[in-house]
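Undergrad: Return atomic coordinates for the entry below.
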Amino acid sequence: MARKVTKAIFPVAGLGTRFLPATKSIPKEIMTLVDRPLIQYAIDEARAAGIKEFIFVTSRGKGALEDYFDHAPELESSLRKKGKDQLLEVLKSTNMESGAIAYIRQHKALGLGHAVWCARRLIAPNEPFAVILPDDVIAAEKPCLQQMTEAYDEIGGSMVAAMEVPPERASSYGVLDIREDMGSIVSVKGMVEKPKSNEAPSNLAVIGRYILSPKVLQNLNKIKSGAGGELQLTDAIALEIAEGRDVYGYRFRGQRFDCGSKAGFLQATVAFGLARPDLQTEFADYLRQMVSLQKAAQ
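TA: Take a look at the predicted model:
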């Protein structure tokens, strides 16, 4: 039986240049989707999957991200005095127990593989771990990483979240070369990083959720820099396959939003806003009015 996954790495060292000027003074991961920062969605998903220890790979200028998870005694006291118990409950989800969270610095932007490698001393030699990219926000009845840990408990190996993309979009992703398609789980015989659309081995693209064998960290020590001089996590996972260890793709149930792009962030805002009982009526009315006005203008 596979060992339980209780640690997750969150690579959050990026500068978020696509969201300038907002990210000049705040980390991108603190930007709010409706009323919760991106990082809160990732943390909630990790907790639902049984993650107990949270490792953040950060960089200079991410102090607000670290502060976000601290207790705020003055704010909590003020809310308590005013009887705002509901808001106090909301704040509870943002607090981390002492020792549950660790911060590691990535001093040079050398890719996702390098960011994961930076956390190597916090992962035991026999300990599987998860990686969550907060830019990928997934709306799902059962959180995506929880779906994956349940599948991992059954089959072990290393596992990447996968979704079907149009062939013309394949060049934007790492794409799976499938050995055997078993439905929600596929056995993988290779991974190709950003292939040309006519050379993609499938239309199953890797997105930002991983459950990895600790051997992947050893692989990151072995491999050389790939595209753009960066250390690619895809290459380290591909080495697992080359050395005869199991790698699976998991077709998760849910909708993924790329909140690393402005269009994706706006789409997620609409979807999550409409899903909120306290906002959906007013917000839906507004959107209908906007569509009507656009049609009239045409």
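Undergrad: next one: the lowest-mean-pLDDT helix or strand in the chain to chain centre, how far?
TA: Lowest mean confidence among the helices and strands of the chain (mean pLDDT, DSSP states H and E): helix 63-68, at a mean of 80. Between the mean C-alpha location of helix 63-68 and the chain-wide mean there is a distance of 18 Å, by CA atoms, centre = their mean, to the nearest Å.
Undergrad: Only the buried residues of the helix or strand following it, if you could.
TA: Toward the C-terminus, helix 63-68 is succeeded by helix 73-81 as the next helix or strand (DSSP states H and E). For helix 73-81, a neighbour-count test (16 or more other CB atoms under 10 Å) marks 76, 79 as buried. Every residue, glycine included, has its C-beta placed from N, CA and C.
Undergrad: Can you give me the end-to-end span of stretch 158-175?
TA: Using CA to CA, to the nearest Å, the end-to-end distance of stretch 158-175 comes to 16 Å.
Undergrad: and what of stretch 76-94?
TA: End-to-end distance for stretch 76-94: 12 Å, by CA to CA.
Undergrad: repeat for stretch 71-86
TA: With CA to CA as the measure, the first residue of stretch 71-86 is 16 Å from its last.
Undergrad: Other residues contacting that stretch?
TA: Applying CB atoms under 8 Å, 6 or more residues apart in numbering, the set of residues contacting stretch 71-86 from outside is 87-88, 91, 95.
Undergrad: Distance to L133 and neighbour count added to those residues, as TSV?
TA: What follows is the contacts of stretch 71-86, written out as TSV (distance: CB to CB, whole Å; neighbours: other CB atoms under 10 Å):
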residue	distance to L133	neighbour count
L87	29	14
L88	30	14
L91	25	14
N95	23	13
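Undergrad: Looking at those, which has the smallest pLDDT value?
TA: The pLDDT minimum for the contacts of stretch 71-86 sits at N95, where the score is 77.
Undergrad: which ones among the contacts of stretch 71-86 are found in strands?
TA: Judged by DSSP state E, the contacts of stretch 71-86 include no members of strands.
Undergrad: In helices, which of the residues you listed appear?
TA: The helices, defined by DSSP state H, take in 87-88, 91 from the contacts of stretch 71-86.
Undergrad: most residues in a single helix of this structure, which one?
TA: Secondary structure assigned by DSSP H gives helix 280-297 as the longest helix of the chain.
Undergrad: in that helix, what's buried?
TA: Along helix 280-297, these residues count as buried under the neighbour rule (16+ other CB under 10 Å): F283.
Undergrad: Then stretch 138-147?
TA: By 16+ other CB under 10 Å, the buried positions in stretch 138-147 come out as 138, 143-147.
Undergrad: quick check: mean pLDDT across that stretch?
TA: This predicted structure assigns stretch 138-147 an average pLDDT of 95.
Undergrad: distance between the ends of that stretch?
TA: Taking CA to CA, the span from the opening residue of stretch 138-147 to its closing residue is 12 Å.
Undergrad: neighbouring contacts of that stretch?
TA: Contact with stretch 138-147 is made by 8, 44-46, 48-51, 130, 132, 161, 209, 211, 250, 252-257, 268, 271-272, 275, as judged by CB under 8 Å, 6+ apart.
Undergrad: where does this structure dip in pLDDT?
TA: 1-2, 98, 224-229, 298 (pLDDT under 70).
Undergrad: which residue ranges form the helices in it?
TA: Under the criterion DSSP H, helices of the chain are mapped to 38-48, 63-68, 73-81, 85-92, 112-118, 144-155, 215-222, 233-242, 262-274, 280-297.
Undergrad: Could you tell me the angle between the fourth one and helix 73-81?
TA: Just to be clear, that refers to helix 85-92. 150 degrees (axes from the mean of the first three to the mean of the last three CA atoms, to 10 degrees).
Undergrad: what does stretch 245-254 rub up against?
TA: Looking at stretch 245-254 with CB under 8 Å, 6+ apart, the contacting residues turn out to be 138-142, 144, 147-148, 151, 155-164, 176, 178, 183-188, 191, 204, 206, 209, 213, 215, 237, 240-241.
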